[in-house]
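**Student:** Following is a predicted model, sequence given first.
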Amino acid sequence: MQQIFNFLIRNKNSILFLILFVVSVFLTIQNHAFHKSRFVSSANFVTGGVYSWSSNINTYLHLDEYNERLLEENNKLRNIISNINDSISIEKQLDSTSFEGDYLFRTARVINNNFTKVDNYLTLNRGEKSGIEQEYGVITSQGIVGIVDRVNDNYSRVISILNSRSRINAQLNKSNHFGSLVWNGKDPNIVQLIDVPRQAPLQKGDTIITGGRSLIFPKGLPIGSIQDFTLDQTQSYYTINIKLFNDMTNIGYVYVIENVNKEEVEKLQEPNEQ
Amino acid sequence: MNSKLLSNIARFIILVFLQVLILNNINFLGYINPYLYVLFLLLYPFAGNQSLFLFLSFLLGLSVDIFEDSGGINAAACLVAAFVRPNLLRFSFGISYDHQNIRLAATPFGSKLSYVFLMVLIHHFVLFSLEMFSFSHILLVLKKTLFSSIFTVIVILLSLTLFSKKYR
């Protein structure tokens, strides 16, 4: 017994090192598992507070740019509205206080954004109190950003599309061939669309849009354009490099999308218990 | 002793905030960031309690991890660097270090450089290996380790020169 205690005391530093090292490796592995990172995340009271404080200052420096983006988006929406002949439906939409569509949009500000690592996350300044929940989609006016994965009262964390574990359904604009959007961890402006069947008609510069097969993003949101493409080893699927429309390194304000009918659809897709 | 404790606490807090609010956003050439918070590991009193040092370095890494959403990679990297520090000190400064309370600012440039560079290299290698978490990306890990290390060492040496009092 005496010897055991002596051994422990003599090697206390090595033992402490081993214990703490195992803890940190455990945290790392847990962080690599989708939806399971429970303990350590930037969507908590302290870090959220610090980040929103620093982003309050930072936003002033980018006000011009945000204004320009809003102007552009307004311009686009005005073009669409003025070209719709059926003006009655618009008026009805403007008058009504209740919401009737399939998707509900909320605005939020990005208070922390990573893009240099292999697994990147963003932090938003809205949380449960503003109605944001897990698995809501996040977009900007130019393209998609990611999916909400953790929420607390006032902040939420978003898995960026620049994350090795992010897989988003996407398809070609001109045909219905679809694949999964992934990222190889290299260039924050280029993402990859994999598992596109060989018969898909591909051309450089073609637009890639969201597929609408998942319940997270509505169909038809722009993602990016094809930069180049290669066949994979089996010679039956394409791997496509896509240049993103939105600059993931410079995101100010985002829209968070709620699919109102999600529960209903999920209920329908559930396998029968009996 | 008391002022030493206070200055170490202050250094801990300032370095964490400096790292997450400013230095993590530099992204020189797309992916190169200096990890200045290693400075805390370098400057912790050489004769201090080793167990406490291990625990503090774990805490330091974990605080950066929480801000960065990176699991435990910074904590593991700091821990390894802290664990091998006595060996590196002996290697760089000779056996004299545990007898005399030497100050880093007063050591010759060559041994200072080797101490700083080896610490940073070990820290960065563990950091980036755990970040990639796959053997197929070993080249990318080495590339990131090398370039980030050079950047970090430059920033650390500059700040050591800037903030050293009574240079003798």
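**Tutor:** Nice, thanks for sending it over.
**Student:** Please count neighbours and contacts with C-alpha atoms only from this point.
**Tutor:** Fine.
**Student:** Tell me the secondary structure at the nearest residue to B:Y31 once chain neighbours are set aside.
**Tutor:** Spatial nearest neighbour of B:Y31, chain neighbours left out: A:T116 (5.2 Å); criterion: CA to CA, 6 or more residues apart in numbering or on different chains. Following DSSP: H, G, I helix; E, B strand; the rest coil, A:T116 is assigned to coil.
**Student:** Any part of the one helix or strand B:F151 maps to near chain A?
**Tutor:** Using DSSP states H and E, the element containing B:F151 is helix B:138-163. No: Helix B:138-163 does not reach chain A (CA under 8 Å from any CA of the partner chain); its nearest approach is 9.4 Å.
**Student:** how about the helices in the chain?
**Tutor:** Went with chain A since none was named. Remark: helices assigned in chain A by DSSP state H are A:2-10, A:12-32, A:45-61, A:63-83, A:87-95, A:262-269.
**Student:** I was after chain B.
**Tutor:** B:2-21, B:38-43, B:50-68, B:73-93, B:109-132, B:138-163.
**Student:** Distance-wise, check A:D119 relative to chain B.
**Tutor:** Distance of A:D119 to chain B, computed by CA to the nearest CA, to the nearest Å: 8 Å.
**Student:** can you list the weak-confidence ranges in chain B?
**Tutor:** For chain B, applying pLDDT under 70 flags the ranges B:1, B:95-102, B:105, B:165-168.
**Student:** centroid residue for it?
**Tutor:** B:V38 (1.9 Å; CA atoms, centre = their mean).
**Student:** rewinding a little: burial measure for the residue nearest to B:Y31, as a count.
**Tutor:** When counting by other CA atoms under 10 Å in any protein chain shown, one arrives at 20 neighbours for A:T116.
**Student:** and what of B:L104?
**Tutor:** B:L104: 18 neighbours (other CA under 10 Å).
**Student:** Against chain A, how distant is it?
**Tutor:** 24 Å.
**Student:** Could you do B:V20 as well?
**Tutor:** Distance, B:V20 to chain A, by CA to the nearest CA: 9 Å.
**Student:** got a list of what that residue touches?
**Tutor:** Taking CA atoms under 8 Å, 6 or more residues apart in numbering or on different chains, we find B:V20 in contact with B:V64, B:F67, B:E68.
**Student:** For chain B, which residues are neighbours of chain A?
**Tutor:** Contact residues, chain B versus chain A (CA under 8 Å from any CA): B:21, B:27, B:30-31, B:50-51, B:54-55, B:58, B:65-73, B:75-76, B:79-80, B:83, B:130-132.
**Student:** Show me which of those are buried.
**Tutor:** B:21, B:31, B:50-51, B:54-55, B:58, B:65-73, B:75-76, B:79-80, B:83, B:130-132 (16 or more other CA atoms under 10 Å in any protein chain shown).
**Student:** pLDDT weak spots in the stretch 51-200 of chain A?
**Tutor:** Residues of the stretch 51-200 of chain A meeting the criterion pLDDT under 70: A:84-101.
**Student:** cutoff 80 now
**Tutor:** Residue ranges of the stretch 51-200 of chain A with pLDDT under 80: A:58, A:79-102.
**Student:** In it, which residue sits closest to chain B?
**Tutor:** Closest residue of the stretch 51-200 of chain A to chain B, CA to the nearest CA: A:T116 (5.2 Å).
**Student:** Now do the contacts for that residue.
**Tutor:** Contacts of A:T116 by CA under 8 Å, 6+ apart are A:P188, B:N27, B:G30, B:Y31.
**Student:** Can you pick out the most distant pair from these?
**Tutor:** Taking every pair in the contacts of A:T116 and measuring CA to CA, the maximum separation is 11.5 Å, between A:P188 and B:N27.
**Student:** Can I get the contacts of A:T116 in TSV including distance to B:I13?
**Tutor:** Shown next, in TSV, are the contacts of A:T116 (distance: CA to CA, whole Å):
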residue	distance to B:I13
A:P188	31
B:N27	22
B:G30	27
B:Y31	25
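**Student:** Show me which of those is closest to A:A170.
**Tutor:** A:P188 (18.0 Å).
**Student:** Report the contact partners of that closest one.
**Tutor:** A:P188 sits next to A:F115, A:T116, A:L162, A:M248, A:T249 when contact means CA under 8 Å, 6+ apart.
**Student:** just to revisit the earlier point, need the winner for burial among the helices of chain A.
**Tutor:** Greatest average neighbour count among the helices of chain A goes to helix A:12-32 (a mean of 18), per mean count of other CA atoms under 10 Å in any protein chain shown.
**Student:** So which other helices or strands are in contact with it?
**Tutor:** Applying 3 or more CA pairs under 8 Å, 6 or more residues apart in numbering or on different chains; DSSP states H and E, we find helix A:12-32 packed against helix B:50-68, helix B:73-93.
**Student:** export it as CSV, just CAs?
**Tutor:** Extracted in CSV, the C-alpha atoms of helix A:12-32 (Å, rounded to 0.1, in the frame of the first residue of the first chain):
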residue,chain,number,x,y,z
LYS,A,12,1.9,12.8,-9.9
ASN,A,13,2.8,15.1,-12.7
SER,A,14,2.7,12.3,-15.3
ILE,A,15,-0.6,11.0,-14.0
LEU,A,16,-2.1,14.5,-14.0
PHE,A,17,-0.8,15.0,-17.5
LEU,A,18,-2.4,11.7,-18.7
ILE,A,19,-5.7,12.4,-17.0
LEU,A,20,-6.0,15.9,-18.5
PHE,A,21,-4.8,14.8,-21.9
VAL,A,22,-7.5,12.1,-22.0
VAL,A,23,-10.1,14.7,-21.1
SER,A,24,-9.0,17.0,-23.9
VAL,A,25,-8.9,14.2,-26.4
PHE,A,26,-12.3,13.1,-25.3
LEU,A,27,-13.6,16.6,-25.8
THR,A,28,-12.0,16.7,-29.3
ILE,A,29,-13.6,13.4,-30.3
GLN,A,30,-16.9,14.4,-29.0
ASN,A,31,-16.7,17.7,-30.9
HIS,A,32,-16.2,15.6,-34.1
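**Student:** now it against helix B:50-68, angle please.
**Tutor:** 10 degrees (axes from the mean of the first three to the mean of the last three CA atoms, to 10 degrees).
**Student:** of all the contacts of B:V20, which comes closest to B:S7?
**Tutor:** Nearest to B:S7 out of the contacts of B:V20 is B:V64 (CA to CA; 19.4 Å).
**Student:** thought that closest one was touching B:I73?
**Tutor:** No: B:V64 is not in contact with B:I73 according to CA atoms under 8 Å; the separation is 9.4 Å.
**Student:** Contact distance from chain B - what residues of chain A qualify?
**Tutor:** A:12-13, A:16-17, A:20-21, A:23-32, A:37, A:40-42, A:47, A:51, A:54, A:114, A:116-121.
**Student:** picking up where we left off before, tell me who's in contact with the residue nearest to the centre of chain B.
**Tutor:** Counting by CA under 8 Å, 6+ apart, B:V38 touches B:C78, B:V120.
**Student:** Roughly how far does it sit from chain A?
**Tutor:** 17 Å.
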